[in-house]
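A.B. asks: Predicted model and sequence below, questions to follow.
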Amino acid sequence: MRLSTSLSRVLAAQSLLVTAVQSQDVPGGSPSQDWSPAPFTDFTKNIVFYPPSDSVQWWTLYARTLQLPDESILLTWENYPKEPPLVNHPIWKSDDGGATFYNYSQVEDKVNGWGMRFQPFLYTLPVSFGGFPAGTILAAGASCPFSLTGGVYIDLYASTDDGKTWSFVSHVAYGAGPETITRYDKALWEPFILLYNNQIVLYYSDQTDDAHSQKLMHKTTNDLRIWSDAVPDVVTSINGGAERPGMTTVAHIESTNKWIMTFEYCRPTNCLVHYKVADSPLLFNDAPIVQLHANNTEKTTGVSGPYVIWTPHPNRTDGSGLIIVSTSSREELFINEDSADVGGWKYVNINHWSAYSRSLRIITVKGKKKLLLANGGNFGPGYLNSVAVAVVPIPT
């Protein structure tokens, strides 16, 4: 679920999410933090960026990360400073395992004159592709005017110097706007990138079809410049297509060679998290939709903003792994075995705040694998909307 031109309308739509976040233990009830974790250690609730007090709308949202070969970490998020100048996606960097970050660069809108406004995503090319060398960092995001009218592009940028400078590569998809969650407004949201079968796949949420409030789609490219027609991943026609699947993330379950997609499935009363499992990341459309819930007594569900990863099991040597899902409404993580069985989701507390589309990444700290979580804000009061990170042992 995303922006409308009315803040009160968005906050009303996110009431379940806000209530969950406001009930959490926020130190001091303010954004101040009088401690810093030691470099290269485990920690939670580490606030690394405080938005200015005159920030607009939601201060920060939608944090994303990437790790470089030297184990340094890049961090980006939706930023809401007063404009002008145009808003862009900040790139901050940590050289000490996530304990501290500093302003490193930014992904600027170089072609539209609108700014890079919503849902940044970072991806490292594992091989040379489209004339770019292996190790090139791709950055995708939604570019649209401050007024939210006039159109929206999902745009792709690239960096060949570890994120220090960025160049425009291509427009991936276009909507005529306005960029709101109102049905019939031609909006686009939430890119997610992966490499599969010698193609780059970019998933996104598509609001441009009048027959559906929102659909989940993907496009592919062989050169990062020319993109295929859009292919559906999740399309529903219940209630005249009024339901809104959104916020695709995808992970490869390496042990079974299957793929899992998580998404929120928004209906009039909630945005419960669902998932699909398919034999190919290009074939999610035919896979059944499954609601995610924990196997605890309460059958706990997650609301909105899921993020999924797969990792080899830290305590096994048989090639098996763990599927880990974060949701916006819960501090706890949902963890499953490789089968992604609907009854197999454990509910694991890691003592770190939830956030709107809190992201997950397996990193190495001094060569040891850890789980990195990155938070932007969560539609709550201002003190909940700083950027925070956690580095913890991989939970099992």
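C.D. replies: Perfect, I can see it now.
A.B. asks: Work out for me the element the residue nearest to Ile394 when sequence neighbours are not counted sits within.
C.D. replies: Nearest residue to Ile394, sequence neighbours excluded (CB to CB, 6 or more residues apart in numbering): Pro314, at 4.6 Å. (C-beta placed from N, C-alpha, C; glycine too.) Assigned by DSSP states H and E, Pro314 falls within no helix or strand.
A.B. asks: Hmm, Pro314 is touching Lys370, no?
C.D. replies: No - using CB atoms under 8 Å, Pro314 is not in contact with Lys370; the gap is 9.8 Å.
A.B. asks: which of those two has more neighbours?
C.D. replies: Applying other CB atoms under 10 Å to Pro314 and Lys370 shows that Lys370 carries more neighbours, namely 21 against 16.
A.B. asks: For the more buried one, which residues are in contact?
C.D. replies: Counting by CB atoms under 8 Å, 6 or more residues apart in numbering, Lys370 makes contact with 42, 362-364, 391-394.
A.B. asks: Highest neighbour count among those?
C.D. replies: Val391 (23 neighbours).
A.B. asks: Name the SS class of it, please.
C.D. replies: Three-state call for Val391 (DSSP: H, G, I helix; E, B strand; the rest coil): strand.
A.B. asks: for the one 3 residues further on, same thing?
C.D. replies: Assigned state for Ile394: coil (three-state reduction, three-state DSSP).
A.B. asks: how much space between it and Lys370?
C.D. replies: 7 Å (CB to CB, to the nearest Å).
A.B. asks: swap in Trp114?
C.D. replies: Relative to Lys370, and taking CB to CB, Trp114 is found at 37 Å.
A.B. asks: what's the answer for Asn239, then?
C.D. replies: The gap separating Asn239 from Lys370 is 43 Å, by CB to CB.
A.B. asks: any weak-confidence spans in the stretch 251-396 of the chain?
C.D. replies: Applying pLDDT under 70 to the stretch 251-396 of the chain flags residues 382-383.
A.B. asks: ok, and the closest non-adjacent residue to Thr149?
C.D. replies: Closest to Thr149 by CB to CB, 6+ apart is Pro178, at 4.7 Å.
A.B. asks: can you tell me which residues contact the one you found?
C.D. replies: Under the contact definition (CB under 8 Å, 6+ apart), the residues listed for Pro178 are 5, 148-149, 185-187.
A.B. asks: Check the gap between it and Thr248 for me.
C.D. replies: 22 Å.
A.B. asks: do the same with Tyr203
C.D. replies: Tyr203 is 4 Å from Thr248, by CB to CB.
A.B. asks: Identify the contacts common to the two.
C.D. replies: In contact with both Tyr203 and Thr248: 190, 192, 216, 218, 233, 261, using CB under 8 Å, 6+ apart.
A.B. asks: Dump those into TSV; add neighbour count as well.
C.D. replies: Putting those into TSV (neighbours: other CB atoms under 10 Å) gives the following:
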residue	neighbour count
Glu190	27
Phe192	22
Leu216	26
His218	27
Asp233	27
Met261	26
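A.B. asks: quick one: which of those residues is nearest Leu86?
C.D. replies: Glu190 (20.6 Å; CB to CB).
A.B. asks: from memory the closest one sits against Pro245, does it?
C.D. replies: No - if you go by CB under 8 Å, Glu190 and Pro245 don't touch, sitting 10.8 Å apart.
A.B. asks: quick revisit: kindly indicate which of the shared contacts of Tyr203 and Thr248 lies nearest Leu282.
C.D. replies: Of the shared contacts of Tyr203 and Thr248, the one sitting nearest to Leu282 (CB to CB) turns out to be His218, at 7.3 Å.
A.B. asks: gap between Gly141 and Glu108?
C.D. replies: Counting by CB to CB, the gap from Gly141 to Glu108 is 11 Å.
A.B. asks: list residues touching both of those two?
C.D. replies: With CB under 8 Å, 6+ apart as the test, Gly141 and Glu108 both reach Met116.
A.B. asks: ok, these two, which is more surrounded?
C.D. replies: Gly141 (27 against 16).
A.B. asks: Now do Glu108 against Pro145, distance only.
C.D. replies: 15 Å.
A.B. asks: swap in Val172?
C.D. replies: 18 Å.
A.B. asks: Neighbour count for the two, which is higher?
C.D. replies: Ranked by neighbour count (other CB under 10 Å), Val172 and Pro145 place Val172 first, with 22 against 18.
A.B. asks: Determine whether the claim that the more buried one is in a strand is correct.
C.D. replies: Yes - judged by three-state DSSP, Val172 forms part of a strand.
A.B. asks: And for it, nearest residue in space, chain neighbours not counted?
C.D. replies: Ile154 (4.4 Å).
A.B. asks: Likewise for Ile73?
C.D. replies: Closest to Ile73 by CB to CB, 6+ apart is Ser94, at 4.4 Å.
A.B. asks: Glu331 too?
C.D. replies: Closest residue to Glu331 apart from its sequence neighbours, by CB to CB, 6+ apart: Ser354 at 5.0 Å.
A.B. asks: Neighbours of that neighbour, how many?
C.D. replies: So Ser354, with other CB under 10 Å, has 24 neighbours.
A.B. asks: Please tell me I have it right and it contacts Leu333.
C.D. replies: No - using CB under 8 Å, Ser354 is not in contact with Leu333, being 10.1 Å away.
A.B. asks: Can you pull the residues that touch both of the two?
C.D. replies: Counting by CB under 8 Å, 6+ apart, the residues touching both Ser354 and Leu333 are Ser326.
A.B. asks: For Asp109, which residues are in contact?
C.D. replies: Taking CB under 8 Å, 6+ apart, we find Asp109 in contact with 86, 88, 115-116, 143, 155.
A.B. asks: Ok, Lys164 next?
C.D. replies: 104-105.
A.B. asks: can you tell me how far it sits from Val107?
C.D. replies: 11 Å.
A.B. asks: what do Glu190 and Pro245 both touch?
C.D. replies: Ser205.
A.B. asks: one step back: okay if I get the contacts of Lys370 as JSON lines plus distance to Val342?
C.D. replies: Putting these into JSON lines (distance: CB to CB, whole Å) gives the following:
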{"residue": "Asp42", "distance to Val342": "31"}
{"residue": "Ile362", "distance to Val342": "24"}
{"residue": "Ile363", "distance to Val342": "29"}
{"residue": "Thr364", "distance to Val342": "32"}
{"residue": "Val391", "distance to Val342": "30"}
{"residue": "Val392", "distance to Val342": "26"}
{"residue": "Pro393", "distance to Val342": "27"}
{"residue": "Ile394", "distance to Val342": "23"}
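A.B. asks: All good on my end, thank you.
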